[in-house]
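Q: fold the following, please.
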Amino acid sequence: MLEITLVLIAVTAVGLFGFVATTFTSHLVAAIGLGTLLLGLVLSVPTGVWYHVLLYRFVSAKIPLPRKWWLSPAKLHRHLTDAEQRRIRPWYRTGGIGFVLSVVGGLTAIAGLLLWR
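A: Numbers count the residues shown, from 1 in each chain. Below you'll find the model as predicted:
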């Protein structure tokens, strides 16, 4: 099942890349990619900071945090109560969506710049 999914993603990506290459100008693709990248950064950086602040406040009161806890903070969610998880969840998801937008925007900008050459 995983292999089929990966093949479908690869085929879709190749088809989408070909469609974009023939439909849009490379300047437009790069501009859309940079705009998406900036939108993702504007969305993810503040929400990510606030998520980490809240998580630190909640979990540090219960257990001593490891030195590099912020590198893999999702492991600490098991120490949260249901009310604390409800307070953190919107920031966690919004930051994740912003991260995905940043990655997609960066890859789109790179594709636009490669088409430009």
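Q: quick check: phi and psi at T25.
A: Main-chain dihedrals, T25, degrees, to the nearest 10: phi -80, psi 160.
Q: same check, this time on G33
A: Here is the backbone geometry of G33 (degrees, to the nearest 10): phi -60, psi -40.
Q: neighbours of it, how many?
A: Close neighbours of G33, defined as other Cβ atoms under 10 Å, add up to 20. All C-beta spots, glycine's among them, are computed from the backbone N, C-alpha and C.
Q: correct me, but it touches L101?
A: No: judged on Cβ atoms under 8 Å, G33 makes no contact with L101 at a distance of 10.6 Å.
Q: low-confidence regions, the protein specifically.
A: For the chain, no stretch has pLDDT under 70.
Q: quick check: the closest residue to A109 other than its chain neighbours vs L43, distance?
A: Using Cβ to Cβ, 6 or more residues apart in numbering and skipping residues adjacent in sequence, the residue nearest A109 is G33, 3.0 Å away. Using Cβ to Cβ, to the nearest Å, G33 is found at 16 Å from L43.
Q: buried set for stretch 68-78?
A: By neighbour count with 16 or more other Cβ atoms under 10 Å, stretch 68-78 contains the buried residues 69, 73, 76.
Q: how far out from the middle of the chain is it?
A: The chain centroid and the centroid of stretch 68-78 are separated by 17 Å under Cα atoms, centre = their mean, to the nearest Å.
Q: also stretch 61-72?
A: So, by Cα atoms, centre = their mean, the centroid of stretch 61-72 is 22 Å from its chain's centroid.
Q: alpha carbons only: can I get that stretch in CSV?
A: Coordinates of each C-alpha in stretch 61-72 appear next as CSV, following Å, rounded to 0.1, in the frame of the first residue of the first chain:
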residue,chain,number,x,y,z
ALA,A,61,5.7,22.0,36.1
LYS,A,62,5.3,18.2,36.0
ILE,A,63,8.6,16.8,35.0
PRO,A,64,12.2,18.0,34.4
LEU,A,65,12.6,18.7,30.7
PRO,A,66,15.5,17.2,28.7
ARG,A,67,18.1,19.7,27.4
LYS,A,68,16.9,19.6,23.8
TRP,A,69,13.2,19.0,24.4
TRP,A,70,12.2,21.6,21.8
LEU,A,71,13.7,19.4,19.0
SER,A,72,11.0,16.8,19.4
